[in-house]
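> sequence-free structure coming up:
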């Protein structure tokens, strides 16, 4: 079985993330969308909320499952018999960083990294930018899955100081 992981913080998931997940699901028998647990960072959404939104967003993809991890991604890959990491690239600066990470991961564990160029329609998207625009009342409805948009607007309405 060809298995890959799409790692990220997904706080929140964007249509750019979903584009990479869908395309990876076409290439691999199983894709694990792994939500990074970083106890040093306070997210807008809890890990559980991110996992729930991702499950709802990917429910039409039978070979995608959602999980979480902390620590080294290569350790997660070893523990779950995952041979590849699938990541999206928005820009040259993404490539510079991701290439170094891919080489390090391969050196540490033999895990390969598939770097996929994002759909140009999503090349400007990042979770932080979406949160910032939404915080100031900008319309991000076309930038995130519907379930994420609903939760995002509810969360920001409850916490207008964000």
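Yes, it's here. In this text, all values refer to a predicted model and were calculated from it rather than measured experimentally.
> my read: residue 105 touches residue 73, true?
Yes: Residue 105 is within contact range of residue 73, at 6.8 Å (criterion: C-beta atoms under 8 Å). In short, each C-beta sits where N, CA and C put it, glycine included.
> what is in contact with those two at once?
The contact sets of residue 105 and residue 73 overlap at 85, 111 (C-beta atoms under 8 Å, 6 or more residues apart in numbering).
> ok, the two, which is more surrounded?
It is residue 73, of residue 105 and residue 73, that has more neighbours when counted by other C-beta atoms under 10 Å, with 21 against 18.
> Name the nearest residue to the more buried one, sequence neighbours excluded.
By the measure of C-beta to C-beta, 6 or more residues apart in numbering, the closest residue to residue 73 outside its immediate chain neighbours is residue 7, 5.4 Å from it.
> Could you say which helix or strand holds that neighbour?
strand 3-8 (DSSP states H and E).
> name the helices or strands packed onto the particular helix or strand that has residue 50 in it?
Element membership of residue 50, judged by DSSP H and E, is helix 47-58. With contacts taken as 3 or more C-beta pairs under 8 Å, 6 or more residues apart in numbering; DSSP states H and E, helix 47-58 sits against helix 15-27, strand 30-36, strand 64-69, helix 146-158.
> In this structure, where's the longest helix?
Using DSSP state H to assign secondary structure, the helix with the most residues in the chain is helix 92-109.
> Show residues contacting it.
By C-beta under 8 Å, 6+ apart, the list of residues contacting helix 92-109 from outside reads 72-75, 77-78, 85, 87-89, 111-113, 115.
> switch the cut-off to 7 Å
73-74, 77-78, 85, 87, 89, 111-113, 115 (C-beta atoms under 7 Å, 6 or more residues apart in numbering).
> coming back round to it: might one say that the residue nearest to residue 73 is in contact with residue 36?
Yes: assessed by C-beta atoms under 7 Å, residue 7 is found in contact with residue 36 at 6.3 Å.
> Need the residues touching each of these two.
With C-beta under 7 Å, 6+ apart as the test, residue 7 and residue 36 reach no residue in common.
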